[in-house]
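Chemist: predicted structure and sequence below. I'll ask about it afterward.
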Amino acid sequence: MIFKPSIAARMWDTWLYFHEGRHYLFYLHNSRADVRWDGMSAAVSDDGVHFDDHGPIIHKADDAVWLGTGMVWRAGEKFMLNFSEERAGIQEIFFAESDDLLNWTRLPDEEYICRADPRWYADEPTFTSQRWDCIWALPREEGDGYIGFLTAVARHGPAGLCGTAGCVVSDDGRHFRAAPPVIETGVWGDRVEVGAVEKFGDRYYMLLGVGAAPLGARHHSRLPAGEGGMFVLNSENQAGPYELDPDQAPFLSSSPKLYTYFARFYRCGEELLLNHHTVPRSGHAGPEDIYFSPLKSVQRDDSGILNLRWWPGNEALKGREMPVVLEGCQLYGLQDDACSLSAGQAKIGAASGGLAVLPAKYDKKRGVILEAELTRHSSEALLKGAGLFIEGESANQGTLLFAQSDGQVEVGRYDGYSFRPQDRKPYRQTADQPARWRLLARDAHVELYIDDVHIQCYTMDHQPGGRLGFAVEAGSATVSNVKVWEMSL
């Protein structure tokens, strides 16, 4: 939502490295729109929000089909970078080094290569495909050297369920050799992807990307159709085994498709953050509209469960403040007199549904941030809700984000008559108590926070028309303390 390449054609996986107060963003790229992932690029920021694109740093070898994602770490006096290349269906991992994080030299393949070990991993093309991709390297907790975690396919296990989190070890952070997997084989499907591993408190946490939960494991997803996201596994030992806490919800899960994917941890000084990219829906935006998304703060509760929250550094996204005139809202309701307005507040009430749409239009290419206090009042209705509205290209139609009385926040299309939810996240807003809502919108991409808790990243299935508003279903709500800013991008 906040950055896309200006030199390469498009981006995909992202990761960051924090050094001397600057944020170095690395991303997998397509150099042209008609080629597969064939290199990596870098961008730099002083605030974690506004990035200057420096362009390509690594290109795939001429005989490689494509190049896979990586990670940056420090080994001695050098910065190290790994990346995979595929040849004849086989992935192997290679390395580069740098003194300044921007100029990289590929190390000789014959000496610096990491291959899957057939004792534990598939090392030839199979019907589930061979994977050996993206080392996430950390200094060993016990002893010298490094340990790394990566995407792999187990040599042995149930057919179609052999995707695994592989492991490698190194004495110097430059030469890596395979070690046994660190998660149980046969649980997560045939294609899982390791995003990152970091220590938080007294435990290690692994981000494991799952595109869709296989039959028998849909309960992990918490979504009706078993859709995936970034699952958070943990272990008391750095070398595992890593397991899913049943109380731990996945990060950035979504339905019916993954609007975001391959989140990574970002160790930024003393803070642990999360980064990821956001993708458009097919047919509603071009693949060039893949964006790097705002960073999220990773928090840990007393029971060891991780959650995402608003990162204060994102305040730098707020640019020019736009005028808000609630009295000028355009009112829509299925029944007459569904909405009323008063100085400084909008009270929306309807036995069915009602909207109050702000008159000012924002620049959808620049992006907008809206903050408001929403209070959903008690009602006798079995299901009632209140939330935000993003108008489409036609009036009284667009996307609704509803906090409902059943403890869910639903998001989906509103056609002027009916609401058709497309995704939902658990969050309970107490009736008659105000909650601070924060909405970020740019092009078709949306992020929602309530009381600084990250609720959802979502890609709308329509283009925005440029107006925002408020909505209620089967009850009433009060809207106050509304502020709107253009994004400073």
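Modeler: Nice, I can see it.

Chemist: residues contacting the closest residue to Arg87 other than its chain neighbours?
Modeler: If you skip the residues right next to it in sequence, Arg87 has Ala64 as its closest partner in space, 5.8 Å away by CB to CB, 6 or more residues apart in numbering. All C-beta spots, glycine's among them, are computed from the backbone N, C-alpha and C. Contact partners of Ala64, counting by CB atoms under 8 Å, 6 or more residues apart in numbering, are 85-87.

Chemist: what's the PyMOL line that selects buried ones from those?
Modeler: The following PyMOL selection, which keeps only the buried ones among those, applies the criterion 16 or more other CB atoms under 10 Å:
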select buried, resi 85+86
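
Chemist: which one of the contacts of Ala64 is nearest to Gly385?
Modeler: Checking those against Gly385 with CB to CB, the nearest one is Glu86 at 47.3 Å.

Chemist: longest single strand anywhere in this structure?
Modeler: With DSSP state E applied, the strand covering the greatest number of residues in the chain is identified as strand 468-487.

Chemist: for the record, mean pLDDT for that one?
Modeler: In this model, strand 468-487 has a mean pLDDT of 92.

Chemist: how about it: buried residues?
Modeler: Burial within strand 468-487, assessed by neighbour count using 16+ other CB under 10 Å, is assigned to 468-479, 482, 484-487.

Chemist: quick one: list the elements packing against the helix or strand where Arg424 lies.
Modeler: When elements are assigned from DSSP states H and E, Arg424 belongs to strand 419-426. Helices and strands touching strand 419-426, by 3 or more CB pairs under 8 Å, 6 or more residues apart in numbering; DSSP states H and E, are strand 398-404, strand 408-414, strand 453-459.

Chemist: of all those strands, which one is nearest Gly304?
Modeler: strand 453-459 (17.6 Å).

Chemist: just to revisit the earlier point, single out the most deeply packed of the helices and strands packed on strand 419-426.
Modeler: Between the helices and strands packed on strand 419-426, strand 398-404 has the highest mean count of neighbours, a mean of 24, where neighbours are mean count of other CB atoms under 10 Å.

Chemist: in the helix or strand where Gly353 lies, which residues are buried?
Modeler: Gly353 is part of strand 345-357 when elements are defined by DSSP H and E. Buried residues in strand 345-357, counting neighbours by 16+ other CB under 10 Å, are found at 345-350, 353-357.

Chemist: on that earlier part again, in CSV, could you pull the C-alpha coordinates for the strand holding Arg424?
Modeler: Presented in CSV, the C-alpha positions along strand 419-426 are these (Å, rounded to 0.1, in the frame of the first residue of the first chain):
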residue,chain,number,x,y,z
PHE,A,419,-24.5,-6.8,2.4
ARG,A,420,-22.5,-9.8,1.2
PRO,A,421,-19.6,-10.6,3.5
GLN,A,422,-16.5,-11.9,1.9
ASP,A,423,-14.3,-12.3,5.0
ARG,A,424,-14.5,-12.1,8.7
LYS,A,425,-12.2,-11.7,11.7
PRO,A,426,-12.9,-12.2,15.4
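
Chemist: tell me which strands that strand pairs with, and in which orientation.
Modeler: Sheet neighbours of strand 419-426, with direction, are listed as strand 408-414 (antiparallel) (DSSP bridges).

Chemist: could you give me the average pLDDT of the strand it pairs with?
Modeler: 94.

Chemist: and what of stretch 78-93?
Modeler: Taken as a whole, stretch 78-93 has a mean pLDDT of 96.

Chemist: the chain should start at 57 in everything you say after this.
Modeler: Got it, the first residue is 57 from now on, which makes the last one we talked about stretch 134-149.

Chemist: any buried residues in it, and which?
Modeler: 134-142, 146-149.

Chemist: mind listing which of these are in strands?
Modeler: Checked against DSSP E, the buried residues of stretch 134-149 include these in strands: 134-142, 146-149.

Chemist: tell me the one among those nearest to Ile191.
Modeler: Nearest to Ile191, judged by CB to CB, of these is Asn138 at 4.7 Å.

Chemist: isn't the closest one right up against Met127?
Modeler: Yes: here Asn138 lies in contact with Met127, judged by CB atoms under 8 Å, at a distance of 6.3 Å.

Chemist: could you pull out the residues contacting both of those two?
Modeler: Going by CB under 8 Å, 6+ apart, residues that sit against Asn138 and also against Met127 are 190-191, 193.

Chemist: wait, which of the residues you listed is closest to His276?
Modeler: In terms of CB to CB, no member of the shared contacts of Asn138 and Met127 lies closer to His276 than Cys190, at 21.7 Å.

Chemist: which SSE is the closest residue to that closest one other than its chain neighbours in?
Modeler: Once its chain neighbours are removed from consideration, Cys190 has its nearest residue in Thr125; the separation is 4.8 Å (CB to CB, 6+ apart). Remark: Thr125 resides in strand 122-131, with elements defined by DSSP H and E.

Chemist: and that strand, what does it pack against?
Modeler: strand 66-75, strand 78-86, strand 95-101, strand 134-143, strand 188-195.

Chemist: now the angle from the shortest one to strand 122-131?
Modeler: Taking axes from the mean of the first three to the mean of the last three CA atoms, to 10 degrees, strand 95-101 and strand 122-131 form an angle of 50 degrees between their directions.

Chemist: how is the chain divided into domains?
Modeler: Split into domains by automatic domain parsing, the chain comes to 66-366, 375-543.

Chemist: can you redo the ones you listed as JSON lines with distance to Lys60?
Modeler: Formatted as JSON lines, the domains of the chain follow (distance: least, CB to CB, whole Å):
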{"stretch": "domain 66-366", "distance to Lys60": "5"}
{"stretch": "domain 375-543", "distance to Lys60": "10"}
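
Chemist: ranges for the helices of the stretch 357-506 of the chain?
Modeler: In the stretch 357-506 of the chain, no helices are defined using DSSP state H, counting those that start in this stretch.

Chemist: all strands of it, in order?
Modeler: 362-366, 374-378, 386-389, 395-398, 401-413, 424-432, 441-447, 454-460, 464-470, 475-482, 491-498, 501-506 (DSSP state E, counting those that start in this stretch).

Chemist: those strands: lowest mean pLDDT?
Modeler: Across the strands of the stretch 357-506 of the chain, strand 395-398 has the smallest mean pLDDT, namely a mean of 68.
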